[in-house]
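Here is my input; please provide its structure:
(2 chains)
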Amino acid sequence: MNTKTMSHSPVSTADVVAGSYSPVVQAAGLSPGAARVSRLFDLLVVIAVVLLFTGAIHLHVMLLAGDWDMFTDWKDRQFWPLVMPVVMIMFPAALQAVFWNYFRLPIGATVGAVCLMLAVSITRPMQFMVWTDYPLNMVLPAQMIAGALVMDMMLMIFRNALFTAIFGGFAFAFLFYPSNYIIMAPYYVPAAHQGMMASMADMIGYVYPRSATPEYIRIIERGTLRTFGDSASWVSALFSGFICIFMHYGWWKLGMIMSSATFLPNNKKVMAMMGIRADQKSNG
Amino acid sequence: MMFNCVKNFLSRLRTLLLFVLALVPITEVMAHGERAQEPYLRTRTAQFYDVQFDRSKVEVNEEFTITGRFRLMQDWPDAVSLPETVYMSAYAPGPVITRVESYLNGIPARQSFSDLQLGRDYEFKLVMKGRVPGNHHIHPMLSVKGSGPLVGPGVWIEVTGSKADYRQEVKTMTGEVVENLDTYGVSRALGWYAVWIVLAAFWLAFWLVRPLLIPRWIVLNKGREDLLVSGRDLAVGIGLGIVVIGITFGGYAYAKKEYPYVVPLQAGTNKIDPLPELPSNVAIKVVNATYDVPGRAMRIQAKITNNGTEPLHILEFTTANLRFINKQAPGASAAILRGAPTDTVARGGLTLSDARPITAGETREVMLEASDVLWELERLVSFLTDVDSKFGGLLFFSAPNGQRQISEIGGPILPTFIQL
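Next up, the predicted model:
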């Protein structure tokens, strides 16, 4: 152990901020100055991670889930609890792998969930309220924070990718529906309109015209899950949980691959592929 | 207070963006790109007619009505999906107007319709309401699944007043009166988002306040994992997990109690019968049709047989919302209904080689000339690049007793690029 760093010297505010007296810093053998620099590095990385993943995860979810997350009148009992977690778990699982394997930080899924929340908190009001005059209740997003927190807990408990996939991945999907139902419940209250029943979500979708999004384009309430009566949502949530076990494991592996630095061997074959002769000298 | 600050900020940002946009040189903003649709979509699918807007200027919250009819053409293009699932609506630049009621053949049109029939007519009624002040180009629109929107003729509607005054009241079937649908459930939703964000922020802060990346990476490589995730961390994590699960299922149970009567989103299509077939005593056979590119004129040579008992005048040729009216025919002055869109009525009208009425039992070969710059303005001449060079439209006839007959006309068309 580096006894030099444990010597009794006056504690400055910078040292406290840098955590110089943390057992982790001491075990790492960092001097107070190095600890301060590493803290600055932390800050820069956090800013970069937030900016990068806020954009990336938002793009990812919008491309794959799209209207199911975009519009209130797409959030049905069957496809919404099924599709959303399957799409949403991808980045959190990959982030979990990176944060856990290199730093033992059980926050990857939560980082992903918060980045998505941050992105939709900017885009929904800006795109729909400010730019195109739609009401916010037409475009309320789903949140995955509840599932992400539990998935991070599972990782911390099991410290194992497979068990996190089985229990954490399942919990991520299974908690999606109830944790979002709390938010969406008022929009399933029925109203009568032109002699027909409509949920309040249907009413919102009807009243505010989306010219290029006719009613029939919604992919909702289709299939044979009605054989389960009004429990279709829970069947969807269970099935989604089952799929998310595999999704989590796959994206964990992908996270590991994408965070590994690999280099092409500098042999004759690769040089030939790059158009360089083996006997050619570099000017540099 | 916080909400007002955000609202003010967004309002200022919007003003700034609009100011920046105002600096961009835009000569003309023409609605929503209906001219960009390929001509065969507009000339050979749904032909709108008798379209009327009951007013052109409304206050915010004031209602106006769009009525009219459309004929689904028999010669429906192969490249366009059949109207097996359709949705009747109005085309507007966003929710500057809102929908109050809509009907197709008198049946509520909140949901889609299935299995519409080619060669038959349908009648629509759309009750709309002003929401955002401005001058907006509004059209009736029939969306066809697999093909997209087929847009009817539009007019400019001026909405005056303040958007802040807009209200859309809805009474739920549980007796709750929602004063304004714009804001229904929003504050409740934001509150719940805040709960989840606070929990996530706590968990992230719990880890981020400690030395983060480099020290942890070094320590992990030294094999001192025990320092990185302690028993206290595990206890806090498990505690937070229990809180999250408790809030999730407790909140779910609370929401179920708060809203005991809920329904699934309403989906599915309605069946609808077409309007009764109109009596038509006219048979039309197109002999040839040409489009004179430099002259911007469509010329149709057709054999028209009057199988009825009354002489018939050729009153109007309409296609893709363009209207060419024979000003010599009886009823021509009444052909343009009050509140009908006039932007697409050709000034020159319809010219006939023989303007006399076609007598009962007579077959006559007539040359119809529909000449106007509107062909160019509405970008309909690009039908010359269509894969099947055909035209389509409706021909209206009027009898001395005022009765109107409608027949489809269509066939191959030859372009004339240069005068030989």
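
Please list the residues of the stretch 251-400 of chain B that sit near chain A.
Within reach of chain A by Cβ under 8 Å from any Cβ of the partner chain, the stretch 251-400 of chain B has these residues: B:251-252, B:254-256, B:258-259, B:261-269. Backbone N, C-alpha and C define where each C-beta goes, glycine included.

Can you pick out the ones from the residues you listed that are in helices?
If you go by DSSP state H, these have B:Gly251, B:Tyr252, B:Tyr254, B:Ala255, B:Lys256, B:Glu258 in helices.

give the contact list for the third one.
Contacts for B:Tyr254 (Cβ atoms under 8 Å, 6 or more residues apart in numbering or on different chains) come out as A:Ile182.

now the second one
Counting by Cβ under 8 Å, 6+ apart, B:Tyr252 touches A:Pro178, A:Ser179, A:Tyr181, A:Ile182.

What's the per-residue pLDDT of it here?
Looking at B:Tyr252, its pLDDT stands at 97.

Tell me how far it lies from B:Gly246.
11 Å (Cβ to Cβ, to the nearest Å).

can you count the residues close to the closest residue to B:Glu369 other than its chain neighbours?
Closest residue in space to B:Glu369, ignoring its immediate chain neighbours: B:Thr351 at 4.2 Å, by Cβ to Cβ, 6 or more residues apart in numbering or on different chains. Around B:Thr351 there are 17 other residues, counting by other Cβ atoms under 10 Å in any protein chain shown.

Export the ones in helices among the residues of the stretch 251-400 of chain B next to chain A as a markdown table, with columns for distance to B:Leu82.
Formatted as a markdown table, those follow (distance: Cβ to Cβ, whole Å):
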| residue | distance to B:Leu82 |
| --- | --- |
| B:Gly251 | 47 |
| B:Tyr252 | 44 |
| B:Tyr254 | 48 |
| B:Ala255 | 43 |
| B:Lys256 | 43 |
| B:Glu258 | 45 |
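
Closest one to A:Ala173 out of those residues, please.
Nearest to A:Ala173 among those, counting by Cβ to Cβ, is B:Tyr252 at 15.1 Å.

what about the closest one, distance to A:Pro81?
Look at B:Tyr252 and A:Pro81: by Cβ to Cβ, they are 12 Å apart.

hey, where'd the strands end up in the stretch 301-420 of chain B?
With strands called from DSSP state E, counting those that start in this stretch, the stretch 301-420 of chain B shows them at B:313-319, B:322-325, B:350-352, B:363-371, B:390-398, B:404-412, B:414-416.

residue contacts, the spatially closest residue to A:Met129 that is not a sequence neighbour?
Among residues not flanking A:Met129 along the chain, A:Leu136 sits closest, at 5.6 Å (Cβ to Cβ, 6+ apart). Listed by Cβ under 8 Å, 6+ apart, the contact partners of A:Leu136 are A:Arg124, A:Pro125, A:Phe128, A:Met129, B:Val186.

among the contacts of B:Tyr252, which are within reach of chain B?
When contact is defined as Cβ under 8 Å from any Cβ, the contacts of B:Tyr252 meet chain B at A:Pro178, A:Ser179, A:Tyr181, A:Ile182.

In helices only, show me these.
Counting by DSSP H, the ones next to chain B among the contacts of B:Tyr252 place A:Pro178, A:Ser179, A:Tyr181, A:Ile182 in helices.

Give me the most central residue, chain A.
A:Gly112 (3.2 Å; Cα atoms, centre = their mean).

Skip the chain neighbours and tell me the closest residue to it.
Using Cβ to Cβ, 6+ apart, the closest residue to A:Gly112 is A:Pro92 (3.6 Å).

Count the neighbours of that neighbour for me.
By other Cβ under 10 Å, the residues close to A:Pro92 number 31.

Please apply the same query to the one 4 residues further on.
For A:Gln96, the count of nearby residues is 32 (other Cβ under 10 Å).

Touching, B:Lys163 and A:Asp133? I think so.
Yes. With contact defined as Cβ atoms under 8 Å, B:Lys163 reaches A:Asp133; the gap is 7.5 Å.

Compare these two (neighbour count), which wins?
Neighbours were counted for B:Lys163 and for A:Asp133 using other Cβ under 10 Å; A:Asp133 has more, 19 against 15.

tell me, how many neighbours does B:Tyr166 end up with?
Neighbours around B:Tyr166, by other Cβ under 10 Å: 22.

Got phi/psi on it?
phi -60, psi 130 (degrees, to the nearest 10).

Could I get the contacting residues of it?
By Cβ under 8 Å, 6+ apart, the neighbours of B:Tyr166 are B:Val60, B:Asn61, B:Thr98, B:Gly130, B:Arg131, B:Val132, B:Asn180, B:Asp182.

let's see 7 Å
B:Val60, B:Asn61, B:Arg131, B:Asp182 (Cβ atoms under 7 Å, 6 or more residues apart in numbering or on different chains).

do you know how far the second one is from chain A?
Right, the one you point to is B:Asn61. Distance from B:Asn61 to chain A, counting by Cβ to the nearest Cβ, to the nearest Å: 13 Å.

in what helix or strand does that residue lie?
Using DSSP states H and E, B:Asn61 is not contained in any helix or strand.

Confirm for me that it is in contact with B:Arg167.
Yes. The criterion here is Cβ atoms under 7 Å, and B:Asn61 meets it with B:Arg167 at 6.2 Å.

looking at chain A, which helix or strand is least sure?
Ranked by mean pLDDT, DSSP states H and E, the weakest helix or strand in chain A is helix A:13-18, scoring a mean of 62.

Name the next helix or strand downstream of it, please.
Following helix A:13-18 in sequence, per DSSP H and E, is helix A:23-28.

Okay, now the unreliable bits of the stretch 301-420 of chain B?
Applying pLDDT under 70 to the stretch 301-420 of chain B flags residues B:382-384, B:419-420.

Just the closest residue of it to chain A, please.
Using Cβ to the nearest Cβ, the closest approach of the stretch 301-420 of chain B to chain A is made by B:Asn321 at 16.5 Å.

and that residue, what does it touch?
So B:Asn321 contacts B:Phe48, B:Gly152, B:Pro153, B:Thr344 (Cβ under 7 Å, 6+ apart).

Can you tell me which of the residues you listed lies closest to chain A?
After measuring the contacts of B:Asn321 against chain A - Cβ to the nearest Cβ - the closest member comes out as B:Gly152, at 12.6 Å.

Wait, the closest one touches B:Leu126, no?
No. Using Cβ under 7 Å, B:Gly152 makes no contact with B:Leu126, being 10.3 Å away.

which residues do those two both contact?
Joint contacts of B:Gly152 and B:Leu126 (Cβ under 7 Å, 6+ apart) are B:Pro140.

for the longest helix seen in chain A, which positions count as buried?
Longest helix of chain A, by residue count under DSSP H: helix A:32-64. By 16 or more other Cβ atoms under 10 Å in any protein chain shown, the buried positions in helix A:32-64 come out as A:32, A:34-36, A:38-39, A:42, A:53-54, A:57-58, A:60-62.

Including pLDDT and distance to chain B, could those residues go into JSON lines?
Output for the buried residues of helix A:32-64, formatted as JSON lines (pLDDT from 0 to 100; distance: Cβ to the nearest Cβ, whole Å):
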{"residue": "A:Pro32", "pLDDT": "89", "distance to chain B": "12"}
{"residue": "A:Ala34", "pLDDT": "92", "distance to chain B": "8"}
{"residue": "A:Ala35", "pLDDT": "91", "distance to chain B": "7"}
{"residue": "A:Arg36", "pLDDT": "91", "distance to chain B": "10"}
{"residue": "A:Ser38", "pLDDT": "93", "distance to chain B": "4"}
{"residue": "A:Arg39", "pLDDT": "93", "distance to chain B": "7"}
{"residue": "A:Asp42", "pLDDT": "93", "distance to chain B": "4"}
{"residue": "A:Phe53", "pLDDT": "94", "distance to chain B": "13"}
{"residue": "A:Thr54", "pLDDT": "96", "distance to chain B": "14"}
{"residue": "A:Ile57", "pLDDT": "95", "distance to chain B": "14"}
{"residue": "A:His58", "pLDDT": "96", "distance to chain B": "16"}
{"residue": "A:His60", "pLDDT": "95", "distance to chain B": "19"}
{"residue": "A:Val61", "pLDDT": "95", "distance to chain B": "16"}
{"residue": "A:Met62", "pLDDT": "94", "distance to chain B": "18"}
